[in-house]
Structures are given as structure tokens and as C-alpha cells.
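>>> Build me a model from this:
(one chain, ligands or ions: 1)
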Amino acid sequence: MALSSGSSTDHDSREKITIQNVSRSYESVQALADVSFSVAEGEFCCVVGPSGCGKTTLLRAIAGLDDPDGGSILVGGDPVTGPGLDRGMVFQEYALFPWRTVRGNIRFGLDRPACDCPDCEARVRELIDLVGLEGFEDAYPKALSGGMKQRVGIARALAVDPEILLMDEPFGSVDTRTRDRLHAELLDIWTQTGQTVVFVTHDIDEAVTLADRVIVVDADPGTVQSTFSIDLARPRERTARDFVGHVARIRTELGRPDDTSH
Ligand SMILES: Nc1ncnc2c1ncn2[C@@H]1O[C@H](COP(=O)(O)OP(=O)(O)OP(=O)(O)O)[C@@H](O)[C@H]1O
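The predicted structure follows:
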């Protein structure tokens, strides 16, 4: 993947994440090539692109789970040198601990020594309420539906109140109806928390449903393709009518037919 938001990558105070000339290769495969863009504080940014264009590699690098070969990633102006409590990650395949209950999975982040949560049990209860899993506290992941598992994944990522939420195709494994519901719930949570979100998807419709700003990348890792971002500046509270107009506008900008009727 090679992309540029078209804006300066010099750090300014509104920038929460600054990605500067980041590259990453796996043996002969170049997954990221000279990637530069930034994400503003409190922004919901979707990175959309086809399978294999380097989206997961990028997200893992921001999370500090993987080291780029070159370039730098700054969070709040500080270089990322490894995982941190300021970043929560939600994985496509949930990555829940099968031997832990819903409560135990959500509590995971709070059990770390670096966590200074004054009342962890109260925090877990708050998160269970937030993601609507009341009554399932003692259930194990194998007894949950895909949508419920991902609610646990989101709650676990939010447990330590991270400044940044990194989401890697989190709703790729749930049915369309559940996905629509989870979109609404996620936007609701984001409205409450005001976190900076980087949400990776291969689905442009999902991206325009959720994002303040969409960064579109194309196939062929390591080459610059038709990559652009769109500033949507949408209001946080949006009516269904606004939404249809919003999708139509984005489709026009992307040069795609207006098929927002379904
Ligand atoms: N650990 C690895 N070892 C070797 N190659 C890898 C590794 N991780 C990723 N790659 C390769 O790097 C490229 C980018 O992979 P990445 O998973 O970041 O893409 P992606 O856009 O997230 O794809 P998807 O949408 O399918 O998850 C791919 O060609 C992939 O095969």
C-alpha cells in the first residue's frame, strides 16, 4: 500500500496519529510503501482497500504490534515503540480468550499492572452495559453469536479507556443485519467516548456509513494507486435523510453509480 492524504505530515496539535513515509516488507512482498497520512484527534477515519493492500499491516504498526522497516508513526506527537494502553485494538476474528468468560475477557486489559483503574469490577459492569451484554457476563465465547463476540472485543478494547481505537474489519464475519446494528452501536459509543478511530474495511459502503474521512487505497501493494481521502465533516447526530444524501455525495465523488436506494 502506498498512500498520501494530500495534507502535510508535519505534526500539528490536532493530529492524533501521524504516519510518515512508513514502509514494511515481508521477504519479497512489499505490504506498505512510503505511506504518509494523518488522523485528527476525535476523527473516525476509515481505511478502505481490497484484500492484500496492506491494511492490517498498517493497523498493526499503529498498534505497535509490528515494526515498520522504515518511516515513523507518531501518536500524540510521540513515536510508537510498542503496544500501549493509549491504543485499543479490535480484531476481525475476535481474538477472545476461549477460557475466559465475557467478564474475564473484558477485564483482561484492566488486570495489567500498568492499569490504574480504581474500581475494575465497576468498570467491567459499565462496559457490559455499554455494549448491551447484560445477562451474558458468565458466558464463554463459544456460547456467543458472532455479533456478541465482537461486542466483547469492542468492550475489551475500550476497557482501559484508550485514546485511539484501532479496528481491523471487525464486522467482516457477521451477517448484514447484525452488522447494521453494530454500526449504529459503534457510532453511538464513539459519540459518547469521542475517541480517535481508525477502522479498516474492504467495503466502501461500510466506510462511508461510518467515517468522518475515508482513505481509499487500491490493489498492488507497494505502488501508488488512485488513493484519496474525503473530508466529510458530518455532524455527529445524523438523520436517515442526511445519511442518504451523504452516501450519494460520496458515491459521486468516487465516480460510482448512485444506488443508495437499498
Ligand atoms: N506475516 C506475514 N508474512 C508474509 N507476508 C505477509 C505477512 N503479513 C502480511 N503479508 C503480506 O503482506 C501483504 C499485505 O497484507 P495485509 O494483511 O496487511 O493486507 P490487508 O489489506 O489487510 O488484507 P486483508 O483485507 O485480506 O486482511 C499481503 O500480500 C500479505 O500476503
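
>>> the helices in the stretch 1-150 of the chain, which residues?
Using DSSP state H, counting those that start in this stretch, the helices of the stretch 1-150 of the chain run over residues 55-63, 102-107, 120-130, 146-158.

>>> can these go into TSV with extra columns for distance to the ligand?
In short, each C-beta sits where N, CA and C put it, glycine included. Shown next, in TSV, are the helices of the stretch 1-150 of the chain (distance: least, CB to the nearest ligand atom, whole Å):
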stretch	distance to the ligand
helix 55-63	3
helix 102-107	23
helix 120-130	27
helix 146-158	16
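
>>> In a markdown table, list those helices along with mean neighbour count and mean pLDDT.
Formatted as a markdown table, these follow (neighbours: other CB atoms under 10 Å; pLDDT from 0 to 100):
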| stretch | mean neighbour count | mean pLDDT |
| --- | --- | --- |
| helix 55-63 | 22 | 92 |
| helix 102-107 | 23 | 93 |
| helix 120-130 | 16 | 88 |
| helix 146-158 | 24 | 91 |
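
>>> Mind putting those into CSV with distance to Ile215?
Formatted as CSV, the helices of the stretch 1-150 of the chain follow (distance: least, CB to CB, whole Å):
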stretch, distance to Ile215
helix 55-63, 10
helix 102-107, 30
helix 120-130, 28
helix 146-158, 21
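
>>> which stretch among those comes nearest Phe199?
Proximity to Phe199 (CB to CB) singles out helix 55-63 among these, at 9.2 Å.

>>> now what about that closest one, what contacts it?
Under the criterion CB atoms under 8 Å, 6 or more residues apart in numbering, residues 1, 17, 19, 22, 24, 31-32, 35, 47, 49, 66-68, 73, 75, 80, 83, 87, 89, 164, 166-169, 198, 200, 202, 217 lie in contact with helix 55-63.

>>> Tell me the gap between it and the middle of its chain.
From the chain centre to the centre of helix 55-63 is a distance of 10 Å (CA atoms, centre = their mean, to the nearest Å).

>>> CA atoms only: put it into PDB for me.
What follows is helix 55-63, C-alpha atoms only, in PDB (Å, rounded to 0.1, in the frame of the first residue of the first chain):
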ATOM      1  CA  LYS A  55      -4.500  -2.500   5.700                       C
ATOM      2  CA  THR A  56      -3.800  -5.000   8.600                       C
ATOM      3  CA  THR A  57      -0.100  -4.300   8.400                       C
ATOM      4  CA  LEU A  58      -0.700  -0.600   8.800                       C
ATOM      5  CA  LEU A  59      -3.100  -1.100  11.700                       C
ATOM      6  CA  ARG A  60      -0.600  -3.400  13.500                       C
ATOM      7  CA  ALA A  61       2.100  -0.900  13.000                       C
ATOM      8  CA  ILE A  62       0.000   1.900  14.600                       C
ATOM      9  CA  ALA A  63      -0.900  -0.600  17.400                       C
END
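
>>> what residues are up against Gly109?
For Gly109, the contact set (CB under 8 Å, 6+ apart) comprises 85, 88, 115, 156-157, 159-160.

>>> and the two most separated of those?
Distance extremes for the contacts of Gly109: the farthest pair is Cys115 and Ala157 at 13.6 Å, using CB to CB.

>>> before we move on, the earlier item: near the ligand, list only the ones from the contacts of helix 55-63.
By CB under 6 Å from any ligand atom, the members of the contacts of helix 55-63 lying near the ligand are 31, 49, 202.

>>> Ramachandran angles for the second one?
Backbone geometry at Gly49, expressed as degrees, to the nearest 10, gives phi -180, psi 160.

>>> how near is it to Asp69?
Distance of Gly49 to Asp69, computed by CB to CB, to the nearest Å: 20 Å.
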